[in-house]
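quick one: sequence plus predicted model below, questions after.
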Amino acid sequence: ELLDEMRGSMTNPSSKMVNMALEACVRANNPQAALELLKRAKEEMEIDSRSYHICMKACKNGGLIYHAEDILSQMSREEHGISTRVYNTYLELVARDKPAEMLQLFLSMEEE
């Protein structure tokens with residue numbers, strides 16, 4: 001709906017405007033709305049890494065680890081790849097919600 005309203009008031013919403021709307025979803029503690037907005041925006045425009053980072057923050061705040069993993073997967077298939085900020089936010093979520101897995105990840109890194 002939000003993307004439709006933005007489109008109705010102007011020809012083409014910019015990624016900056018989409019990011020502002022995504023930030024509003026984070027502040028309103030509505031990660032599902034952020035994820036839906038990201039999905040819809042991706043269908044119509046080029047999404048930057050900031051958009052993904054904002055959605056990752058929404059997933060972190062909402063404890064949506066599987067959606068966060070989906071964001072990482074989407075980014076890995078795109079030209080810009082996974083940004084450090086997005087990955088760090090993902091690690092914060094895993095550390096908080098799945099500490100045993102996080103410990104295992106760090107132990108495996110030490111072995112390499």
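The structure has been received and is ready for your questions.

what comes into contact with the one helix or strand Ala100 maps to?
Using DSSP states H and E, Ala100 sits within helix 99-111. Residues from elsewhere that reach helix 99-111 (Cβ atoms under 8 Å, 6 or more residues apart in numbering): Leu91, Val94, Ala95. All C-beta spots, glycine's among them, are computed from the backbone N, C-alpha and C.

where's Glu79, which helix or strand?
Glu79 belongs to no helix or strand, assigned by DSSP H and E.

now it: phi and psi?
phi -60, psi -40 (degrees, to the nearest 10).

elements contacting the helix or strand encompassing Ala34?
According to DSSP H and E, Ala34 maps onto helix 31-44. Judged by 3 or more Cβ pairs under 8 Å, 6 or more residues apart in numbering; DSSP states H and E, the packing partners of helix 31-44 are helix 2-9, helix 15-27, helix 49-62.

got the angle for it vs helix 49-62?
160 degrees (axes from the mean of the first three to the mean of the last three Cα atoms, to 10 degrees).

buried sites along helix 31-44?
Pro31, Ala33, Ala34, Leu35, Leu37, Leu38, Arg40, Ala41 (16 or more other Cβ atoms under 10 Å).

and what of stretch 73-87?
So for stretch 73-87, counting by 16+ other Cβ under 10 Å, buried means Gln74, Met75, Ile82, Ser83, Val86.

and for stretch 84-104?
Buried-residue list, stretch 84-104, by 16+ other Cβ under 10 Å: Val86, Thr89, Tyr90, Leu93, Val94, Met102.

now do that stretch: distance to the chain's middle.
Counting by Cα atoms, centre = their mean, to the nearest Å, stretch 84-104 is centred 14 Å from the centre of its parent chain.

quick one: contacts of stretch 24-39?
Contacts for stretch 24-39 (Cβ under 8 Å, 6+ apart): 2-3, 18, 21-22, 47, 51-52, 54-55, 57-59, 61-62, 64, 67.

that stretch: end-to-end distance?
16 Å (Cα to Cα, to the nearest Å).

what is the mean pLDDT for that stretch?
For stretch 24-39, mean pLDDT is 96.

how much space between Ser14 and Ile54?
In this view, Ser14 and Ile54 are 15 Å apart by Cβ to Cβ, to the nearest Å.
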